[in-house]
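Novice: please work out how this folds:
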Amino acid sequence: MKIPTKASSTPTTANKVVWNLGDFVYLPLRKYAQKGILVSGASGSGKTIAAKVIVEELLQEQVPVLVFNYTKQWERLFLKNTDQTMLEKYGLFGMRSPRAFKGKVVKELPEL
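Specialist: Residues are numbered from 1 along each chain as shown. Alright, predicted model coming up:
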């Protein structure tokens, strides 16, 4: 299966984006991330993984990102992946080379 790389690859019907479970979907993030993105779903459905992919793509395009997530799973975004087993699977998903991103995790709420 070829991974879509441009907007014309997104399947549409009557101005609605449509896809089937398991399909790769191209979403031009610069266009759709202007006001915010909410990722929601049932426990274990892949929300954090999906959100991290979206965040990585935005950061690679120098789009600033603010994430609200109480699970503390975001610190790893600032570390380059060196796990050889994981790195071998990058090509299967059309992923780029691993990298670390600059950022800050705020663990405490500010006093109001």
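Novice: quick check on S40: phi, psi?
Specialist: Recorded main-chain torsions at S40 are phi -140, psi 160, according to degrees, to the nearest 10.
Novice: spatially nearest residue to it, not counting backbone neighbours?
Specialist: Counting by Cβ to Cβ, 6 or more residues apart in numbering, K47 is the residue found nearest to S40 once chain neighbours are left out, at 6.7 Å. Every residue, glycine included, has its C-beta placed from N, CA and C.
Novice: isn't that neighbour up against L38?
Specialist: No - contact criterion Cβ atoms under 8 Å: K47 and L38 do not qualify, at 9.9 Å.
Novice: check which helices and strands the longest helix anywhere in the chain sits against.
Specialist: Secondary structure of the chain per DSSP state H: the longest helix is helix 47-60. In terms of contacts (3 or more Cβ pairs under 8 Å, 6 or more residues apart in numbering; DSSP states H and E), helix 47-60 is packed against helix 29-32.
Novice: any idea of the mean pLDDT for the helix it packs on?
Specialist: Averaging pLDDT along helix 29-32 gives 74.
Novice: and stretch 105-112, by the same measure?
Specialist: Stretch 105-112 comes out at a mean pLDDT of 72.
Novice: counting neighbours, which bits of the longest helix of the chain end up buried?
Specialist: Neighbour-count burial for helix 47-60 flags 47, 51-52, 54-59 (criterion: 16 or more other Cβ atoms under 10 Å).
Novice: what is the nearest of those to N69?
Specialist: A51 (7.6 Å; Cβ to Cβ).
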